[in-house]
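Q: What follows is a predicted protein model with its sequence.
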Amino acid sequence: MIGKLLNDRYKIERQIGSGGMALVYEAKDVMLDRKVAIKMLRPEFVSDEDFINKFRHEAKAVAKITHPNVVSIYDIVEGENSLYLVMEYIEGRDLKSIIKQRGKLSVVEALDIANQVTAGVEVAHKNNIIHCDIKPHNILINNNNQVKVTDFGIARAVTSSTMTITDTIMGSANYFSPEQAQGKEINTYSDIYSIGIVLYEMISGQVPFEGESPISVALKHIQKEPKNLIEISPSIPIQVNKLVMKALSKEPKDRHKNAAQLREEIVKTLKEIEIKDKVTDKDSINDDNNKTKILKKSDINQNDKTKDKKESNIKDKSNNRDHNTQKVKKSNKLKKAIIWTVVLILLASAAVFGVIYFFKVYTEVPIVKVPDLSKTEISEAEDIASQQGLSIEVSEEVFHNEIENGYIVTQEPHSGERVKQTRKILVTVSKGPKVVEVPDFNGRPLREAEVIIENLGLQIDEINYEYSEILSENHIISQDPVPGSEIEINNPIKLTVSEGPKPEMVLMPSLIGLQRDRAFELIQQSGLEVGRLSYNDSTRYDEGLIISQEYTGGEEVPDGSSVNLQISTGLVNNGGFEEHSTNIGINIVGTDQQEIKIVVNDSNGEEIAYQRTHNPGEYVNKTIYSVGPTILKIYRDGQLIKEQEIDS
């Protein structure tokens, strides 16, 4: 496969993965000069017609989804022995390899990844698409830490068509829901369970159920309750444990109702963890190394009294006259101690209130509603976002056939979601319809031009055919727009195509009503050939007579053309009536042309058996066939000139 060019467009460069359903290759789109991923289904699925129909339906539905957390599908290509998807190429790693390398992730990181996964799944559910195979292997994380969910719909097509519990799906058995294991109806709540398993594994480093075979794992999904996360790691926040275990409920009704509800709880839990972290940071201010210690007045007084007493005793021994002086000093020292104690208390209180005020002002960011920015010009969108205290970051610029250049195609978070004012809105901006240079089709085969036009995203509006003495048949004579013009994709192109050199034209003889052999003779005499013959019964022509001819008598046709004929197998006679053959002869007299019309009314109904304009001097000789009681009416220029009845 390496080096092979698929569909004259996708060049296979290397194999980058394989699974039970498909092989994955890195390829280059030579037309748009970009990397793509090719997911080619294995032969056992390509040969299953029922699967192909389901797969095609699901893939087309997924291809319509445009979301930052969903891997885009660019093309769906079917060949004689192959079926493959052309997908967005992601520079990064799958979540499974990250878990294997790190063992487990932090709670905040795991919740952030789950939030993005759920965002992609939510938009899929809104489009009536169920993933059915959510697992770390199908969750890609690019170099900017953006999550991309892949393989939407493919697993569903397999599940509904061919999947059985064998060793080939061991990877999925660890992640599918109890209802999947039991073969029951699969719905959006099945994806909720699988997201819960992935979240469980990210936080704990292990899946809740393991076994020697897919069957043993499936039975545990059905019968056994998973161990609580908090039992594996007691430091896990209680609300996180509740969220995950709710998603892993055996009964679908006990899980989150939909992806939107799960995502809302994930976001809420993240906020609660952030607030708790802030409170923990506040508490750390009051640790032993930084505590403001407050002394009791009684301790100060006692110490002062003891000291004063000792000093007083000494002084009393030496001089009782100083007694009153020492008493005054004792009183002053006590007042100073009380003052300093009050000052220390006030300073400590001010510090505590200052810290609280700081966190209140600078960490309690207001929650606002995300405005709808879709189909809005980028500068206008920035103004709208700024009114809510939000900012915009352009994540990608894409071509779009309907949204003009500089206007927003998608946004994340979506309109109506509630977020902190510090959150950036990631937007995809349109570059307008893609503009391509019109190639020179002149002289090329029509089929080659059609392929190039389709691959460029253009359309053929009309094809006109002309004879050409220079170009052979089905080669391009001219085009509109002219080569080198720059036009938007989906714009129409008009082509003039050669029919080859103009042939010699001959007159087509009138064969209706003639015997077959006579008709063949006239065709050959005119330089034509007898074409395809078909046979049918007739209401007006007896067996062996010509009922119809491909070209009208008197029409010019190319020399050597084949003439298709219809020949009668006999008259329609459902009532077993007598069949009649009536010869009518009319002379055309006068100086003007005359229209002769013969109308037949018999058991097969009424119809015009003959109608033609003749020149003066011509003679009309016509045999009319009828069944049962018959009335013949002959008209000249619309005037009845004769009526004849024939009894059965």
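A: Cool, got the structure. Residues are numbered from 1 along each chain as shown.
Q: Please parse the chain into its domains.
A: By the assignment in automatic domain parsing, the chain contains the domains 10-88, 92-276, 367-430, 435-498, 573-648.
Q: Compare those and give me the one nearest residue 526.
A: Distances from residue 526 to each of those were compared using Cβ to Cβ; the minimum, 19.2 Å, belongs to domain 573-648. The way it works is simple: take the backbone N, C-alpha and C, and place the C-beta from them, glycine included.
Q: on that earlier part again, please render the domains of the chain as TSV that adds distance to residue 338 to the earlier fields.
A: Formatted as TSV, the domains of the chain follow (distance: least, Cβ to Cβ, whole Å):
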stretch	distance to residue 338
domain 10-88	65
domain 92-276	40
domain 367-430	47
domain 435-498	85
domain 573-648	129
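Q: deepest of these, which one?
A: The highest average neighbour count among these, using mean count of other Cβ atoms under 10 Å, belongs to domain 92-276 at a mean of 19.
Q: before we move on, the earlier item: nearest to residue 517 among the domains of the chain would be which one?
A: Nearest to residue 517 among those is domain 573-648 (16.4 Å), distances taken as Cβ to Cβ.
Q: related to what we said a few turns ago, switch the domains of the chain over to a markdown table; also include mean pLDDT.
A: Formatted as a markdown table, the entries for the domains of the chain read as follows, by pLDDT from 0 to 100:
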| stretch | mean pLDDT |
| --- | --- |
| domain 10-88 | 82 |
| domain 92-276 | 85 |
| domain 367-430 | 87 |
| domain 435-498 | 89 |
| domain 573-648 | 93 |
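Q: Of all the ones you listed, which one comes closest to residue 519?
A: Between residue 519 and these, the tightest spacing by Cβ to Cβ is seen for domain 573-648, at 14.9 Å.
Q: Identify whichever of the domains of the chain lies nearest to residue 557.
A: Judged by Cβ to Cβ, the one of these that comes nearest to residue 557 is domain 435-498, at 13.9 Å.
Q: Can you tell me the SS state at residue 449?
A: When the structure is split into helix, strand and coil by DSSP: H, G, I helix; E, B strand; the rest coil, residue 449 lands in helix.
Q: Next one: it from residue 463, what distance?
A: Remark: distance between residue 449 and residue 463 (Cβ to Cβ, to the nearest Å) = 10 Å.
Q: cool, and residue 133?
A: Using Cβ to Cβ, we find residue 133 at a distance of 45 Å from residue 463.
Q: For the host helix or strand of residue 100, which outside residues touch it?
A: Using DSSP states H and E, the element containing residue 100 is helix 95-102. Identification of contacts with helix 95-102 by Cβ atoms under 8 Å, 6 or more residues apart in numbering yields 105, 113, 135, 136, 137, 139, 140, 141, 198, 201, 202, 205.
Q: 6 Å instead, please
A: Outside helix 95-102, the residues within contact range by Cβ atoms under 6 Å, 6 or more residues apart in numbering are 136, 137, 139.
Q: Pipe those into JSON lines and attach secondary structure per row.
A: Written out in JSON lines, the entries for these read as follows (three-state DSSP):
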{"residue": "136", "secondary structure": "helix"}
{"residue": "137", "secondary structure": "helix"}
{"residue": "139", "secondary structure": "strand"}
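Q: got the contact list for residue 201?
A: Under the criterion of Cβ under 6 Å, 6+ apart, the neighbours of residue 201 are residue 207.
Q: I'd assumed residue 341 was in a strand, is it?
A: No: if the criterion is three-state DSSP, then residue 341 is helix and not within a strand.
Q: Let's see the pLDDT reported for it.
A: Residue 341 is assigned a pLDDT of 77 by the prediction.
Q: Check the separation of the first and last residues in stretch 84-96.
A: Distance between the two ends of stretch 84-96: 24 Å, counting by Cα to Cα, to the nearest Å.
Q: Please tell me how far that stretch is from the chain's geometric centre.
A: 15 Å (Cα atoms, centre = their mean, to the nearest Å).
Q: now swap in stretch 244-260 and tell me
A: For stretch 244-260 - counting by Cα atoms, centre = their mean - the centre lies 26 Å from the chain centre.
Q: With stretch 107-115 instead?
A: Mean-position distance between stretch 107-115 and its chain equals 25 Å (Cα atoms, centre = their mean).
Q: hang on, the earlier thing: do you know which of the domains of the chain lies nearest residue 342?
A: When the domains of the chain are compared for distance to residue 342 using Cβ to Cβ, the nearest one is domain 92-276, at 34.6 Å.
Q: And the domains of the chain: which comes nearest residue 344?
A: In terms of Cβ to Cβ, the element of those nearest to residue 344 is domain 92-276, at 31.1 Å.
Q: Can you get me a residue count around the residue lying closest to residue 550 once chain neighbours are set aside?
A: Nearest non-adjacent residue to residue 550, counting by Cβ to Cβ, 6 or more residues apart in numbering: residue 564, 4.2 Å away. Residues near residue 564, counting by other Cβ atoms under 10 Å, number 13.
Q: For the contacts of helix 95-102, give me CSV that also has distance to residue 60.
A: Conversion of the contacts of helix 95-102 to CSV gives the following (distance: Cβ to Cβ, whole Å):
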residue, distance to residue 60
136, 27
137, 24
139, 23
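Q: Show me which of those is closest to residue 230.
A: Within these, distances to residue 230 taken as Cβ to Cβ reach their minimum at residue 136, with 21.9 Å.
Q: Any figure for the gap between residue 130 and residue 258?
A: Summarising the geometry, the distance separating residue 130 from residue 258, computed by Cβ to Cβ, is 11 Å.
Q: ditto for residue 552
A: Applying Cβ to Cβ, one obtains 66 Å for the distance of residue 552 from residue 258.
Q: and if you look at residue 428?
A: Distance, residue 428 to residue 258, by Cβ to Cβ: 25 Å.
Q: Can you show me the helices along the stretch 451-600 of the chain?
A: Per DSSP state H, counting those that start in this stretch, the stretch 451-600 of the chain has helices spanning 516-525. These are given in chain order.
Q: hmm, I was thinking of the stretch 101-250 of the chain
A: 107-126, 154-161, 170-173, 178-181, 188-204, 214-223, 229-232, 238-247.
Q: Need the CA coordinates for stretch 599-606. PDB is fine.
A: Written as PDB, here are the backbone C-alpha positions of stretch 599-606 (Å, rounded to 0.1, in the frame of the first residue of the first chain):
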ATOM      1  CA  VAL A 599     -59.400   8.000 -38.300                       C
ATOM      2  CA  VAL A 600     -60.200   4.400 -37.200                       C
ATOM      3  CA  ASN A 601     -62.800   3.400 -34.600                       C
ATOM      4  CA  ASP A 602     -63.000  -0.300 -33.900                       C
ATOM      5  CA  SER A 603     -63.000  -2.800 -30.900                       C
ATOM      6  CA  ASN A 604     -59.500  -1.400 -29.900                       C
ATOM      7  CA  GLY A 605     -60.900   2.100 -29.700                       C
ATOM      8  CA  GLU A 606     -60.500   5.300 -31.800                       C
END
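Q: List the contacts of that stretch.
A: Surrounding stretch 599-606, the residues in contact under the criterion Cβ under 6 Å, 6+ apart are 539, 572, 575, 577, 608, 609, 626, 627, 628, 630, 631, 633.
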